[in-house]
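Undergrad: How does the following fold in three dimensions:
(2 chains)
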Amino acid sequence: MRALMYERPYKVTVGNKPDPRIEHPNDIILRVTRSAICGSDLHLLHGFVPDTRPGHTFGHEFAGEIVECGPGVRSRKVGDRVVLPFPIACGTCYFCSRGLTANCESTNPNSDLAAGVFGYSHMTGGYDGGQAEYVRVPFGDVNPFAIPDDMDEEDVLFLSDILPTGYQAAEMAEIDPGDTVAIFGAGPVGLFAARSAWLMGAGRVIVIDHVDYRLEFARRWANVETVNFRDVGDYGVVAWLRDQTEGRGPDACIDAVGLEAVGDPVQGAIGKGLKMEAGNPVAITWCIDAVRKNGHVSIVGVYGPPFNLIPIGTAMNKGLTLRMNQCNVHRYQQHLLDHIRAGRIDARGIISHRFPLEDAPHAYDIFSSKKDDCIKCVLVPGAGASQVGHA
Amino acid sequence: MQTRHPDIRDWGVDADRRNRPGVPREVEPRKVRAAWWDQPEQQTGDVDPARPTYKPRTPVFGTAQPAQGLSGRIRQAAYKIPEYRTGHWLALLFADRVNAIEWRLGAGRGQAHAEPRYEREAAGARKGKAASLLLPVGSALASLLVVQRFAANRGKRSMRRVERERRMHAEHRGDAMPLGWRMQAPEATIGVVAREERVYQH
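TA: From the prediction side, this is the model:
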C-alpha cells in the first residue's frame, strides 16, 4: 500500500509498505478515505517526540471503510463507514471503564504516560497511523464510531481528535455562564475550544495568537475577540488581558498551543533549539500568569517528556486549578455529533486544503510553515490530484 | 460586560454541567461501547516490543518498525532506565537520530521502500538541514550531561549506602556516631562530599 513515512526530522515521504494485517482477534482493517494532518503531527515531524522511528506512518485523525474484521469482532462488519478516536482503548480496563479511554492501560507497552495512539511514535505503542491507504485498528468493537448514512466523512472527520479535544479543553476550564475565557492558539483545537466555550455559556471569549490570518479566521468562524500578542506593547499579553478584565485576569485560560509555541526567546532557545526541555512552554506560562487568582487553567496543547520549566510556584500561590489530559474521545463523540447535526458546530468549515495522499509532504510543508492561509489539511488516499482541491 | 449572547447560535446550550459528557471526570465502571470481554485476549506473534523492563506486554501492541541495529541496542538500553529519569528519554531521542542515519544508509528499508517525492522548498530545506544537525548534536551533549550526572548520582548513592550501613552497625554496637563524621571520599566525588559535610557538621 501507499503510506506516508517519517525519515528524519523535517523529512517525510510517501512510499510503499506492506498492507496491515489482522494481528489480534479483535482487530479490523480500515481502508482510509479521509485523513487529516494534526498540529501534534508536527511535533513528530520536527523530532520532539522520543522513540519516533524512521518508516513510521503518522496520522491519528482518520475515517474510512472497514474491509476486514478479525474473528472476535461482533458489532462491526465489512463495509461499515467509521471514524476513529485517536486513543486506542480496550474498553474494559480500570481507566476505560471509568470513561478515561485516553489513559487505557492495555494498549501501550512502551510507556506509562499515555494509551496507545495511532501513528504517534513508539512512545504511544508503535501503531502505524492513518495517513495511508489502509490501517490496522485494534478492538473493533470499541474504537470505531459509525458515520451516519446521511453524513459525509468530512462532516465527522474531526470527531477523531480536534473537536472533542477542543470541547474537553473548554470543559476542563469549568466555565460558568458569563465567564471570560482566554484561549492561547488560534489553530483548529483553539477554534473548537472557542466554539465550545460559547456553548457552555462564556461571557467573553478571547483568542490569542501571532498569525494574523488565523486570528481573522477565528473572528469570522467563532465570533470571538482576538489579539496578536506581538501587537500589545511592552508589557505583553498578560498585562493586556488584565487590562481587559478589570485588572484581575480571565476566569479561565486554555493552552491550545503545545510545545512548539513562540513568544519567549529564552525558553525557545532552551527547549526548541537545544532540546534541553520538551519544547517551549510559553503558552502554559502565560496561562498561569494571566488567569485570575483561583481561576482555571486547562491544558490540551501537547507536551512531550522529559520536562518543562513552568512557574508552578505562581500557580500554587494564586490557588489555581490546573486540569489537563489527552482527550477521552470516546465519551464525547455522540454528544458532538448531535451538535454537528444541529448546526451548532461547523466542523468541516475549518478545512482549508485537501490533497491526495501522494502530496502529503507538500501538505506538511504548507501546514507547518502556515503558508497559503492554511488552517487544516485533509489527505484523500486513493484520489488523484484532479479529484481534490482547496476548500 | 455582556453575559448573554443571543447573536450566537445556541449560546449556553451546555451551560448546565449535567449536559457535559466529561462531567463527572470518572464515571461508575462500565464497559465501553460493544466490548464483550472482561479481559482482552493477549496478542501473539514474533514481535516483542522494546519496553520498560518492569512492564509486561499489553494485550495489544503495535508491531511497526521493531527496534533493530545499533539504534535498537540504544533503545533497549534506554528502556532499562526508569521512565521518571531524564536519561530514559534523552537516550531514546539519541537512538532516534542514530536510527535516522541508519535509514539514510539504507538499513531498515527492507519492509518499506521510501520514494521521496518532494523535497522541502529551499528555505524550509535549509532550515531542515540545520535542524537535523542541531538536534543530534544537542541530544548527544544532553546525553553526555545526563550520563555524567547519573554517574555522579551513582557515586553519591553508593557512598550514602555505605555510610548508612556503618551507622547502623555502630548503633547496633552501641557506639555513638561522632558529629561531623564522614567517610573519606574518592577524589572524583569531592563536590558531592562537600555537600554531605554540610549535613553532618552542624
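
Undergrad: Let me know whether A:R76 touches A:V142 as I believe.
TA: No - in this structure A:R76 lies outside contact range of A:V142 using CB atoms under 8 Å: 10.0 Å. Backbone N, C-alpha and C define where each C-beta goes, glycine included.

Undergrad: if you count what's nearby, which of the two comes out ahead?
TA: A:V142 (29 against 20; other CB atoms under 10 Å in any protein chain shown).

Undergrad: What residues does that one make contact with?
TA: Shown in contact with A:V142 (CB atoms under 8 Å, 6 or more residues apart in numbering or on different chains): A:89-91, A:96, A:330, B:32-35.

Undergrad: Let me see the contact set for A:K318.
TA: Per CB under 8 Å, 6+ apart, neighbours of A:K318: A:288, A:291, A:293-295.

Undergrad: pLDDT score assigned to it?
TA: pLDDT, A:K318: 98.

Undergrad: And it, how close does it get to A:C287?
TA: 11 Å (CB to CB, to the nearest Å).

Undergrad: what touches both of the two?
TA: Counting by CB under 8 Å, 6+ apart, nothing touches both A:K318 and A:C287.

Undergrad: helix/strand/coil for A:R136?
TA: strand (DSSP: H, G, I helix; E, B strand; the rest coil).

Undergrad: swap that for A:T107, please
TA: Criterion first, three-state DSSP; result for A:T107: coil.

Undergrad: who's in contact with the residue nearest the centre of chain A?
TA: Central residue of chain A (CA atoms, centre = their mean): A:I162, 4.3 Å from the mean position. Contact partners of A:I162, counting by CB under 8 Å, 6+ apart, are A:36, A:38, A:61, A:188-189, A:192.

Undergrad: repeat for A:R136
TA: A:20-23, A:27-30, A:127-128.

Undergrad: If we check chain B, which of those are in contact?
TA: A:23, A:27, A:127-128 (CB under 8 Å from any CB of the partner chain).

Undergrad: in stretch A:284-299, what counts as buried?
TA: A:284-292, A:295-299 (16 or more other CB atoms under 10 Å in any protein chain shown).

Undergrad: For that stretch, list the C-alpha coordinates in PDB.
TA: Output in PDB follows, covering the C-alpha atoms of stretch A:284-299 (Å, rounded to 0.1, in the frame of the first residue of the first chain):
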ATOM      1  CA  ILE A 284       1.400  27.500  29.800                       C
ATOM      2  CA  THR A 285       3.500  30.200  31.400                       C
ATOM      3  CA  TRP A 286       1.200  32.900  30.100                       C
ATOM      4  CA  CYS A 287      -1.900  30.900  31.100                       C
ATOM      5  CA  ILE A 288      -0.700  30.700  34.700                       C
ATOM      6  CA  ASP A 289       0.400  34.300  34.800                       C
ATOM      7  CA  ALA A 290      -2.700  35.700  33.200                       C
ATOM      8  CA  VAL A 291      -5.600  33.800  34.800                       C
ATOM      9  CA  ARG A 292      -7.200  35.300  37.800                       C
ATOM     10  CA  LYS A 293      -6.500  34.000  41.300                       C
ATOM     11  CA  ASN A 294      -8.300  30.800  42.000                       C
ATOM     12  CA  GLY A 295      -9.000  30.500  38.200                       C
ATOM     13  CA  HIS A 296      -8.700  27.500  36.000                       C
ATOM     14  CA  VAL A 297      -6.000  26.600  33.500                       C
ATOM     15  CA  SER A 298      -6.900  23.900  31.000                       C
ATOM     16  CA  ILE A 299      -4.000  22.300  29.000                       C
END
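
Undergrad: mean confidence for it?
TA: 98.

Undergrad: In contact with A:T92: list those residues for me.
TA: Counted by CB under 8 Å, 6+ apart, A:T92 has contacts A:106, B:31-32, B:35, B:37-40.

Undergrad: Would you confirm that it belongs to a strand?
TA: No - the assignment for A:T92 (three-state DSSP) gives coil, which keeps it out of a strand.

Undergrad: out of the ones next to chain B among the contacts of A:R136, who's nearest A:F158?
TA: A:Y127 (20.2 Å; CB to CB).

Undergrad: In this structure that closest one contacts A:I88, no?
TA: Yes - the pair A:Y127 and A:I88 passes the contact test of CB under 8 Å, sitting 6.6 Å apart.

Undergrad: shared neighbours of those two, which are they?
TA: A:116-118, A:138.

Undergrad: Distance from the chain centre to stretch A:268-279, please.
TA: In terms of CA atoms, centre = their mean, to the nearest Å, the centre of stretch A:268-279 is set 22 Å apart from its chain centre.

Undergrad: could you flag which of the contacts of A:V142 are buried?
TA: A:89-91, A:96, A:330, B:32-33, B:35.

Undergrad: just those residues now: which is nearest A:P306?
TA: A:A89 (26.1 Å).

Undergrad: now the closest one: how far from chain B?
TA: 6 Å (CB to the nearest CB, to the nearest Å).

Undergrad: Counting neighbours, what do you get for the nearest residue to that residue once chain neighbours are set aside?
TA: Closest residue in space to A:A89, ignoring its immediate chain neighbours: A:T101 at 3.8 Å, by CB to CB, 6 or more residues apart in numbering or on different chains. Around A:T101 there are 28 other residues, counting by other CB under 10 Å.

Undergrad: my guess is A:T101 contacts A:Y94, does it?
TA: No - with contacts counted by CB under 8 Å, A:T101 stays clear of A:Y94, the gap being 11.5 Å.

Undergrad: Can you get me the start-to-end distance on stretch A:298-317?
TA: End-to-end distance for stretch A:298-317, by CA to CA, to the nearest Å: 17 Å.

Undergrad: all helices of chain A, in order?
TA: A:39-45, A:153-156, A:162-172, A:188-199, A:212-222, A:236-244, A:265-267, A:282-290, A:312-318, A:333-341, A:360-369 (DSSP state H).

Undergrad: rank these by mean pLDDT and give me the bottom one.
TA: Across those, helix A:265-267 gives the lowest mean pLDDT, at a mean of 88.

Undergrad: Next up, the contacts around A:R230.
TA: Applying CB under 8 Å, 6+ apart, the residues near A:R230 are A:H210.

Undergrad: now it: how far from A:E153?
TA: In terms of CB to CB, A:R230 sits 37 Å off from A:E153.

Undergrad: do the same with A:P265
TA: Relative to A:E153, and taking CB to CB, A:P265 is found at 42 Å.

Undergrad: Quick one: name the residues of the stretch 151-300 of chain A near chain B.
TA: So far as CB under 8 Å from any CB goes, the stretch 151-300 of chain A lies against chain B at A:168, A:171-172, A:176-178, A:180, A:196, A:198-201, A:203-204, A:223, A:273-276.

Undergrad: ok, 10 Å please
TA: Applying CB under 10 Å from any CB of the partner chain, we find that the stretch 151-300 of chain A lies next to chain B at A:164, A:167-168, A:170-172, A:174-180, A:195-205, A:222-224, A:244-246, A:272-278.

Undergrad: Do you know the pLDDT at the closest residue in space to A:G304 that isn't next to it in sequence?
TA: Counting by CB to CB, 6+ apart, the nearest residue to A:G304 once its immediate chain neighbours are dropped is A:A278, at 4.6 Å. Predicted confidence (pLDDT) at A:A278: the value is 88.
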